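# next input, structure requested:
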Amino acid sequence: MRVFAFAWRALVRQPARSALAVLGVAAVGALLLDMLLLSEGLVLSMRELLDRMGFDVRVTAGDAPPDAGPAIANAAVASAAITALPEVRSVTAIRSEEAELEHRDRRVDTVFLGVGGAPRVWTILRGREPAGRGELVLNQYAADTLGLDPGGMVSVRAYCGDAEAPPPLAFRVSGVAELPFELPDAASAATRLGDLEEACGAPGAGRADFLAVTSAGDATGAAAAIAAARPDLRAFTNDELIGRVQQGSSTYFRQISTVLATITVAFALLLIAVLLTVSVNQRLGEIAALRAIGFSQRRVVVDVLCESALIVGLGGALSVPLGLLLAAWLDAILKRMPGIPIDMHFFVFEPQALVVHGLLLAATAVLAAAYPMRIVARLPIAATLRAEVIS
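Reported below is the predicted structural model:
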């Protein structure tokens, strides 16, 4: 503690240089923390979104993920067969189509979601769940664009991949809901699967884009049981879907994060090393005098290391709140890109990133002090004092 106190007095004697060093470390430390959060942020955010829906297995008609590939024919039969498995708790059939909503003189294109089974994939914000035939829920953007509240009527023209859409159907808005993976500037609507089929002009078609399965506790075991019972279908666990994300766009952000984090650490290393070297060179006479009155070589070397640790420690402590604020600002900018869901985030805090951040800054403090420590350790006492007196 006395060594740190001595190093602290050396810093406060040069407040301008010390403040510059601390602020520099805080800036590069904030950037470093943001790069660490970016490296896994997209994956963590995607996992949170998938887990929030309450399903841990997705079943499709082929090897394509749930958002692509052929539809499942006879979804009701497939759902019944999968529901009968002891490894499965519940099955929900989900289908999405393009549609046009119209209310009075307002129109909006929307993603029209049909859900068969329970639990529901949306969260009611106002109003209630669709309880009867011809009812739907809207997301907030669609409700604001059309000027609708729960209880209002809306005309739905569903296209369903056909060249010519069937006649529009009237639906009652039962509520305003938060829908999964909804975009900030896009309309979304959801109803029961049977009502979606009627809007498509094909009641009882029994098609589904995928089946969302809630396992009895073991997602991997449930996926294996589904594959054995229905070899014509492909079951994906959440972990497998996350793996696909990691192999795709997440890899791009991880590479960017690694490059920028390396540059940031190198800049911090150079900054601290230069400031400590300048400080030591200006205090050579003082250090030689301390050695002459009995300070050991080890003591003055440790003093330089403690100065580096104090600069990095203070700057690192400031970098955490600064980095979180910067991450929130950068996240808001990145989320303006088209096709990014409202609940998706690029910067996600996790304790592991904070631990890595601290370890990198600690290593930077030691490496940056290496050259100034070498200068102090090899300082010729008599020659330095003589030069000091002559000068």
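# what's the burial count for Arg126?
For Arg126, the count of nearby residues is 14 (other CB atoms under 10 Å). For the C-beta atoms, the positions are set from N, CA and C on the backbone; glycine is no exception.
# which residues touch the host helix or strand of it?
Using DSSP states H and E, Arg126 falls within strand 123-127. Strand 123-127 is contacted from outside by Val137, Gln140, Asp149, Pro150, Gly151, Val173, Ser174, Gly175, Val176, Ala177, Glu178, using CB atoms under 8 Å, 6 or more residues apart in numbering.
# all helices of the chain, in order?
Applying DSSP state H to the chain gives helices spanning 2-12, 15-52, 75-83, 140-146, 193-199, 219-229, 238-247, 249-282, 284-292, 297-334, 351-368, 370-377, 381-390.
# CSV for the ones you listed, including mean neighbour count and distance to Ser90?
CSV is the format used below for these (neighbours: other CB atoms under 10 Å; distance: least, CB to CB, whole Å):
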stretch, mean neighbour count, distance to Ser90
helix 2-12, 14, 59
helix 15-52, 20, 16
helix 75-83, 18, 7
helix 140-146, 20, 27
helix 193-199, 23, 15
helix 219-229, 18, 11
helix 238-247, 15, 16
helix 249-282, 17, 29
helix 284-292, 17, 73
helix 297-334, 19, 34
helix 351-368, 17, 33
helix 370-377, 17, 60
helix 381-390, 12, 79
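# would TSV of those with distance to Val115 and mean pLDDT be doable?
As requested, these are exported to TSV (distance: least, CB to CB, whole Å; pLDDT from 0 to 100):
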stretch	distance to Val115	mean pLDDT
helix 2-12	62	73
helix 15-52	16	81
helix 75-83	11	86
helix 140-146	17	90
helix 193-199	6	87
helix 219-229	19	89
helix 238-247	19	74
helix 249-282	27	78
helix 284-292	74	76
helix 297-334	30	86
helix 351-368	36	88
helix 370-377	62	84
helix 381-390	80	72
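# tell me the contacts of the residue nearest the centre of the chain?
Nearest to the mean C-alpha position of the chain, counting by CA atoms, centre = their mean, stands Gly41 at 2.8 Å. Contact analysis of Gly41 by CB under 8 Å, 6+ apart lists Phe253, His345, Phe346, Phe347, Val348.
# out of those residues, who's the most crowded?
Phe347 (27 neighbours).
# how does this structure divide into domains?
2-50+248-390, 57-216 (automatic domain parsing).
# Ala227: which of those is closest?
Taking CB to CB, domain 57-216 is the member of these nearest to Ala227, at 9.3 Å.
# distance between the ends of the closest one?
Domain 57-216 has an end-to-end distance of 11 Å (criterion: CA to CA, to the nearest Å).
# correct me if wrong: Val186 contacts Tyr141.
Rather than Val, residue 186 is Ala. Yes. Between Ala186 and Tyr141 a contact is recorded at 6.5 Å, counting by CB atoms under 8 Å.
# enumerate every residue touching Tyr33.
For residue 33 the amino acid is Leu, not Tyr. Residues near Leu33 by CB under 8 Å, 6+ apart: Ser319, Val320, Gly323, Leu324, Ala327, Ala353, Leu354, His357.
# hmm, try it at 7 Å
Ser319, Val320, Gly323, Ala353, His357 (CB atoms under 7 Å, 6 or more residues apart in numbering).
# the first one and Gly24: what is the separation?
Think Ser319. 10 Å (CB to CB, to the nearest Å).
# what of the second one?
In this structure, Val320 and Gly24 are 16 Å apart, going by CB to CB.
# next: the third one.
Using CB to CB, one obtains 14 Å as the distance from Gly323 to Gly24.
# go on, the last one?
With distances defined as CB to CB, the gap from His357 to Gly24 amounts to 16 Å.
# how about Ala189?
52 Å.
# in this structure Gly62 contacts Leu233, no?
No. With contact defined as CB atoms under 7 Å, Gly62 does not count as touching Leu233 (8.6 Å).
# show me which of these two is the more surrounded one.
Shown here are Gly62 and Leu233; by other CB under 10 Å, Leu233 has more neighbours (18 against 13).
# what score does that one have for pLDDT?
Looking at Leu233, its pLDDT stands at 88.
# run a quick neighbour tally on Pro167.
Pro167: 8 neighbours (other CB under 10 Å).
# what does Arg13 give?
12.
# what do you get for Asp109?
Neighbour count of Asp109, defined by other CB under 10 Å: 13.
# how about the contacts made by it?
By CB under 7 Å, 6+ apart, Asp109 lies in contact with Glu98, Glu100, Ala187.
# restricted to buried residues, select these in PyMOL.
Here is the PyMOL command that picks out the buried ones among the contacts of Asp109, judged by 16 or more other CB atoms under 10 Å:
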select buried, resi 100+187
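# so which of the contacts of Asp109 would you say is closest to Leu169?
Closest approach between the contacts of Asp109 and Leu169, by CB to CB: Glu100, at 11.6 Å.
# next one: the residue nearest to the closest one when sequence neighbours are not counted from Asn139, what distance?
Excluding its sequence neighbours, the residue lying closest to Glu100 (CB to CB, 6 or more residues apart in numbering) is Arg157, at 4.6 Å. Applying CB to CB, the value for Arg157 to Asn139 is 18 Å.
# again, but for Ala219
Ala219 sits at a distance of 28 Å from Asn139 (criterion: CB to CB).
# try Val278
Counting by CB to CB, the separation of Val278 from Asn139 is 58 Å.
# just Ile287 next, same as before
Noted for Ile287: a distance of 67 Å to Asn139, by CB to CB.
# equivalent analysis for Ala158, please.
Note on Ala158: its distance to Asn139, by CB to CB, is 17 Å.
# also Ile82?
For Ile82, the distance to Asn139 equals 29 Å [CB to CB].
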